[in-house]
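J.: got a sequence here, can you model it:
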Amino acid sequence: AVAASSMARLRSRSLRTLSSPRIPLSAAPPALAHPSFQAPRHARGMAVEGGEPSVIPVPAMGDSITEGTVVKWHKAVGDQVEMDEILCEVETDKVTVEIRAPDSGVITEVCYKEGDTCEVGGDLVKFLKGATGGNAS
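T.: Predicted coordinates for the structure are as follows:
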């Protein structure tokens, strides 16, 4: 009975770890180090290695500006990005801003589609900071 409850706790902890955005994939528990475990792959089939989950917010674009519209994406989910590469363009009634990557890594989620209105300070892009193995573009 003790062994069964220990296994249940380990299994539960492993599932929480996989779904938690705060734990890098490289820190997966030993239970996942099984030979049949495969590294995650993004939509285009490239294995992504390492990285620390990070978020790029919609930047402030002026004192009176509270929102903008995503005009064009230059990068997609799964793309490898380098520091200062242009990710997308956000337009307001006063200015168009190129949003650049603050660090190198791999994009894991784009929070707005082209044409969507985004609020200043909201999540724009989620990525694995320092990860390798994404699509080169």
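J.: going by C-alpha atoms from here, please, whenever you check contacts or count neighbours.
T.: Will do.
J.: following the helix or strand bottoming out on mean pLDDT in the chain, which helix or strand comes up?
T.: Lowest mean confidence among the helices and strands of the chain (mean pLDDT, DSSP states H and E): helix 2-19, at a mean of 49. Using DSSP states H and E, the helix or strand that follows helix 2-19 in sequence is strand 52-57.
J.: mind listing residues that contact whatever helix or strand comes next after that next one?
T.: Next along the chain after strand 52-57, taking DSSP H and E as the criterion, comes strand 67-73. Residues from elsewhere that reach strand 67-73 (CA atoms under 8 Å, 6 or more residues apart in numbering): 87-92, 112-120.
J.: by neighbour count, which of these wins?
T.: Highest neighbour count within the contacts of strand 67-73, by other CA atoms under 10 Å: Val90, with 24 neighbours.
J.: let me know the helix or strand that that residue is in.
T.: strand 86-91.
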